[in-house]
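>>> Got a predicted model here, sequence first, then my questions.
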Amino acid sequence: MSESGRIEAGDIHTVEMHTGGEPVRIVTAGYPEIPGRTILEKRRYARDHLDHLRRRLMFEPRGHYDMYGVLPVAPDIPGVDMAVLFIHNEGYSTMCGHATIALGRYALDQGIIQPEGDGFARLRLQCPCGLVEVTVAARGPEQGRVSFVSVPAFAFALDCAVEVPGHGRVLLDIGYGGAFYAILPAAAFGLDVRGARTRDLVAAAAAVTEAVKKAVALDHPDDADLAFLYGTILTDGGDGKAAPSANICVFAAEEVDRSPTGSGVTARLALMAARGQVADGEWRRFESVTGALFDGRVVGHETSGRFDCIRAEVAGRAYYTGRAVFTAEADDPLKDGFLLS
């Protein structure tokens, strides 16, 4: 550039990936150190002191309304390979399955983890919701496939009745899979999750999210910072056994997940397990608005506080789309981004 004196110090370097069409912007250099004794303290610090950089990376003109990103941070759990924060159009999520799948492949390719004798590489990943165990197929017919075992997941509420403005009384479930989701069939609004316009599905899901936030007080046995409704998942009403069950996840500030949503699949499996609708070890398949597929199954049971929990394994594939170096000019009035609603 000819006017380098106008450039702010500290370009931000990223690796760009996607999982099922959902973007994963992994920061590799240039982000300030994020202090904090715990990962949730780091999440609060980034939110309170560095949020202009989240907006810079997620918003236009460098990103877009549905951009998603990863900030590597120092772990606070011994023996962890990586620790990360997740960022999006509204703020900082506590878990992200599609990004976890991408990080598994990224960690293998960057030499952060190595293949073991069985052909798999294993990543211990600390997320704000806790420790997630990731497995990457490094060779063989499943090469590139990534799976992760979730934090404890549970059914928070079944058949919860909520008044949704414009729609009346609606029955839904609330599940936790690293984040809390309201989950119900799109048919409750006369919609087909595969055939309806995305804008109509988003409007219905957003109305549910706002209604549940007002009507239901969430809590989590580990930390109050985890007790918030992340979004709503509208499904086709299926269970993913005989055929993939389609869903659309609308999270944060009406952001649409292009993937089947890894933490959402985990939450759906927790709800199925609570209803006795899935056997341990039985794979189920879930489909997103792009036709991308995640597989999921229940692999364990435990308790957390007052909740009976499962551990879910979720599997999918991620792909590279490029690399980027993002620059900001000091006198650019839009250097920290904007969104058009």
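Now that the structure is in, tell me what you want to look at.

>>> In the protein, where is pLDDT below threshold?
Along the chain, segments meeting pLDDT under 70 span 1-9.

>>> if you set the cut-off to 90 instead, what comes out?
Applying pLDDT under 90 to the chain flags residues 1-10, 341.

>>> Give me the phi and psi for the residue nearest the centre of the chain.
Central residue of the chain (Cα atoms, centre = their mean): residue 96, 2.3 Å from the mean position. Phi and psi for residue 96, reported as degrees, to the nearest 10, are phi -150, psi 110.

>>> what's the distance between it and residue 229?
Separation of residue 96 from residue 229 (Cβ to Cβ, to the nearest Å): 16 Å. The C-beta positions use only the backbone N, C-alpha and C, and glycine is treated the same way.

>>> follow-up on the earlier one: please report the distance of the residue nearest to the centre of the chain from residue 148.
Residue 96 sits at a distance of 10 Å from residue 148 (criterion: Cβ to Cβ).

>>> What lies in contact with the longest helix seen in the chain?
If you go by DSSP state H, the chain has its longest helix at helix 198-215. Applying Cβ atoms under 8 Å, 6 or more residues apart in numbering, the external contacts of helix 198-215 come out as 160, 162-167, 170, 172, 174, 182, 184, 186, 189, 191, 193, 229, 231-234, 248-250, 254, 256, 289.

>>> Let me see the contact set for residue 263.
95-97, 150, 177-179, 181, 230.

>>> likewise residue 133?
122-125, 148-149.

>>> Residue 233: which element?
Assigned by DSSP states H and E, residue 233 belongs to strand 229-235.

>>> tell me which strands and helices that strand is in contact with?
Under the contact definition 3 or more Cβ pairs under 8 Å, 6 or more residues apart in numbering; DSSP states H and E, strand 229-235 sits against strand 180-185, helix 198-215, strand 245-251, helix 262-274.

>>> Could you tell me which residues touch both of residue 96 and residue 148?
residue 262.

>>> Can you tell me the element residue 170 falls in?
strand 168-176.

>>> okay if I get the contacts of residue 263 as TSV plus distance to residue 243?
Shown next, in TSV, are the contacts of residue 263 (distance: Cβ to Cβ, whole Å):
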residue	distance to residue 243
95	27
96	26
97	21
150	23
177	22
178	26
179	26
181	22
230	27
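
>>> Of those residues, which is the nearest to residue 55?
Using Cβ to Cβ, residue 96 comes nearest to residue 55 of the contacts of residue 263, at 18.3 Å.

>>> Please verify my assumption that that closest one contacts residue 85.
No: counting by Cβ atoms under 8 Å, residue 96 does not reach residue 85; the two are 9.9 Å apart.

>>> Residue 70 touches residue 86, doesn't it?
Yes: here residue 70 reaches residue 86: they are 6.2 Å apart, a contact under Cβ under 8 Å.

>>> Give me the common contacts of the two.
Common neighbours of residue 70 and residue 86 (Cβ under 8 Å, 6+ apart) are 96, 99.

>>> one step back: from the chain's centroid, how far away is the strand holding residue 170?
Relative to its chain's centre, strand 168-176 lies at 20 Å (Cα atoms, centre = their mean, to the nearest Å).

>>> Note down every partner strand of it and its orientation.
According to DSSP bridges, strand 168-176 forms sheet pairs with strand 153-164 (antiparallel), strand 180-185 (antiparallel).

>>> what angle separates the shortest one from strand 229-235?
Which is strand 180-185. 20 degrees (axes from the mean of the first three to the mean of the last three Cα atoms, to 10 degrees).

>>> Now do strand 180-185: everything it contacts.
156, 162, 170-175, 193, 208-209, 212, 218, 227-237, 249, 251, 263-264, 267-268, 271.

>>> run the last query once more with 6 Å
Residues outside strand 180-185 that contact it (Cβ atoms under 6 Å, 6 or more residues apart in numbering): 172-175, 208, 212, 218, 229-233, 235, 237, 264, 267.

>>> For it, output the C-alpha coordinates as PDB.
In PDB, the C-alpha atoms belonging to strand 180-185 read as follows (Å, rounded to 0.1, in the frame of the first residue of the first chain):
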ATOM      1  CA  PHE A 180     -29.200 -23.800  25.500                       C
ATOM      2  CA  TYR A 181     -31.700 -24.200  22.600                       C
ATOM      3  CA  ALA A 182     -35.400 -24.100  22.300                       C
ATOM      4  CA  ILE A 183     -36.300 -27.000  19.900                       C
ATOM      5  CA  LEU A 184     -39.600 -27.700  18.200                       C
ATOM      6  CA  PRO A 185     -41.000 -28.700  14.800                       C
END
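
>>> For that strand, what is the distance to the chain centroid?
Centre-to-centre, strand 180-185 and its host chain are 14 Å apart (Cα atoms, centre = their mean).

>>> and the closest residue to residue 50 other than its chain neighbours, how many neighbours does it have?
Of all residues not flanking residue 50 in the chain, residue 32 sits nearest, at 6.3 Å (Cβ to Cβ, 6 or more residues apart in numbering). Close neighbours of residue 32, defined as other Cβ atoms under 10 Å, add up to 11.

>>> rewinding a little: a markdown table please, covering the strands paired with strand 168-176 and showing distance to residue 244 and mean neighbour count.
Formatted as a markdown table, these follow (distance: least, Cβ to Cβ, whole Å; neighbours: other Cβ atoms under 10 Å):
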| stretch | distance to residue 244 | mean neighbour count |
| --- | --- | --- |
| strand 153-164 | 20 | 18 |
| strand 180-185 | 15 | 25 |
